[in-house]
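In: Next come a sequence and a model predicted from it.
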Amino acid sequence: MGEFKYHAPTEIVFGEGMEQNTGELIRKYGGTSVLIVYGGKSAMTTGALGISEDSARSCGLKVEKLGGVVSNPLLSKVYEGIDICKDKGIDFILAIGGGSAIDTAKAIAYGAAEPDKDVWELFSHDRRAKKCLPLGTVVTIAGAGSEMSNSTVITDHRTSLKRSYGDDICRPKFAVLDPALTVSVPDYTAMAGCADIMMHTMERYFTNGDHMEITDSMAEALLRTVKENTLKIHRDPSDIRARGEVMWASSLSHNGLTGCGIEGREFSCHKLEHELGGKYDVAHGAGLTALWGTWARYVVDGCVHRFVRFAEKVHNVSPGFTPMETALKGIEAQEGFFKEIGMPISLRELGIDPSDDDLKEMAASAAMASGGFNGSAKRLYEEDMLNIYRLAL
């Protein structure tokens, strides 16, 4: 089994109405002046923004607000938030929303803590962060798992490059998880979030090298649970119990738990999707599902045993086939699930039709962002990435 360090310090406050405690939580972690970062619809229609703001003010906290975060969060909004922090003496950031709001809040927290440096240098990997303001989250869209993760993804509005940065110092101090806040989320957005949860788990699952049985079993249980409850939400958006299962799975899928004892990380689909998100502004989870089946068939021969286990444990594929046949049936079953919840399984189904020059540009950018290559199921270079894009059309 592989060596690992597991660090997940975020305090989880789970249950209906828990956003009323936001002010006390901010004070608990040293906040006196808070910037609330949010997108718009989910934060306001659920009441989470108003309730959290009232809670903060009732605890004597100074409050500033920054709305307008978009689905592929932009560096320009991050710069705007950093300027507010400088001008108003902000010492705590609160994100209300989904992954986009949380990722924006993390980037602002980095930039405000080191105001003499350009925060984009972190995402271009020109330096490492030394400081980060404390932050908390009130989650209204389940999927990204950013409320417990050490990572954030931002798109440079000047170049359309979408890049990630990870460091444990940005892990939120607390996350308020109220499943009722997710009920009003549009079905397509909710399904894209559920797909992202599965992808965060599968990116750690389809790897060569050492594995741990307990970690594999937890990952498989998580995938089965998300699959079952995603279908329930798709059929009945008011199913609070199913939303609670998915919401907690979102946090567990991306806090490092399902990577413990696993040698290597995959995340090739995420690297490939970042180029789609930056260039075409597509929903992240939908971009992932549009690529996954093609990626899986491209790498399956390098990691057959993992795809066999996935087919049997997650999709209940019956034994009796050759390993490759079993593996391919598992891939087909996962694609079938994506289609059942209304997610695309090709780039054209995603609603884009890139030229071959566009594909070449994205492959070159993805390879550069990966340091030349990426992958554990199979090592992928720029030519491989281009092939996957072409086959995913």
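Out: Perfect, I can see it now.

In: contacts and neighbour counts: CA atoms only from here.
Out: OK.

In: Which helix in this protein has the most residues?
Out: Across the chain, the longest stretch assigned as helix under DSSP state H is helix 213-235.

In: Name the residues that touch that helix?
Out: For helix 213-235, contacts defined as C-alpha atoms under 8 Å, 6 or more residues apart in numbering pick out 187, 191, 194, 197-198, 201, 205, 239, 242-243, 245-246, 249, 253, 257-262, 310, 313-315, 337, 341.

In: Mind checking which of those are in strands?
Out: Among these, none falls in strands (DSSP state E).

In: for this protein, what helix or strand is lowest in average pLDDT?
Out: Taking mean pLDDT, DSSP states H and E as the measure, the chain has helix 41-45 as its least confident helix or strand, at a mean of 86.

In: and that one, what other elements does it pack with?
Out: strand 92-97 (3 or more C-alpha pairs under 8 Å, 6 or more residues apart in numbering; DSSP states H and E).

In: packing partners for the strand it packs on?
Out: Under the contact criterion of 3+ C-alpha pairs under 8 Å, 6+ apart, strand 92-97 touches strand 33-38, helix 41-45, helix 99-113, strand 135-139.

In: Can you list the strands that it pairs with?
Out: Its sheet considered, strand 92-97 pairs with strand 33-38 (parallel), strand 135-139 (parallel) by DSSP bridges.

In: got the angle for that strand vs helix 99-113?
Out: Using axes from the mean of the first three to the mean of the last three C-alpha atoms, to 10 degrees, the inter-axis angle of strand 92-97 relative to helix 99-113 is 170 degrees.

In: Residues touching strand 92-97, excluding its own?
Out: Here strand 92-97 has contacts from 26, 30-39, 42-43, 48-49, 101-102, 105, 109, 133-141, using C-alpha under 8 Å, 6+ apart.

In: And residue 327, how close does it get to residue 178?
Out: Using C-alpha to C-alpha, to the nearest Å, we find residue 327 at a distance of 37 Å from residue 178.

In: So for these two, which residue has more residues nearby?
Out: The neighbour count for residue 327 versus residue 178, taken as other C-alpha atoms under 10 Å, is higher for residue 327 (27 against 24).

In: That one contacts residue 302, doesn't it?
Out: No: Residue 327 is not in contact with residue 302 according to C-alpha atoms under 8 Å; the separation is 11.5 Å.

In: about what we covered before: what mean pLDDT does the longest helix of the chain get?
Out: Mean pLDDT, helix 213-235: 98.

In: ditto for stretch 379-389
Out: Rounded mean pLDDT across stretch 379-389 is 98.

In: Return it as PDB; C-alpha atoms alone will do.
Out: Extracted C-alpha coordinates of stretch 379-389, given in PDB (Å, rounded to 0.1, in the frame of the first residue of the first chain):
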ATOM      1  CA  ARG A 379       0.500   8.200 -19.500                       C
ATOM      2  CA  LEU A 380      -0.900  10.800 -21.900                       C
ATOM      3  CA  TYR A 381       1.200  13.200 -24.000                       C
ATOM      4  CA  GLU A 382       0.000  16.000 -26.200                       C
ATOM      5  CA  GLU A 383      -0.600  13.700 -29.200                       C
ATOM      6  CA  ASP A 384      -2.800  11.400 -27.000                       C
ATOM      7  CA  MET A 385      -4.700  14.400 -25.700                       C
ATOM      8  CA  LEU A 386      -5.400  15.500 -29.200                       C
ATOM      9  CA  ASN A 387      -6.500  12.000 -30.100                       C
ATOM     10  CA  ILE A 388      -9.000  12.000 -27.200                       C
ATOM     11  CA  TYR A 389     -10.400  15.400 -28.200                       C
END
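
In: So what's the gap between it and the chain middle?
Out: Mean-position distance between stretch 379-389 and its chain equals 23 Å (C-alpha atoms, centre = their mean, to the nearest Å).

In: Return the set of buried residues in that stretch.
Out: In terms of neighbour count (16 or more other C-alpha atoms under 10 Å), stretch 379-389 has its buried residues at 380-382, 384-389.

In: Flag every buried residue along the longest helix of the chain.
Out: 215-216, 218-220, 222-227, 229-234.

In: rewinding a little: nearest to residue 298, out of the helices and strands packed on strand 92-97?
Out: Residue 298 lies closest, by C-alpha to C-alpha, to one member of those: helix 99-113, at 28.9 Å.
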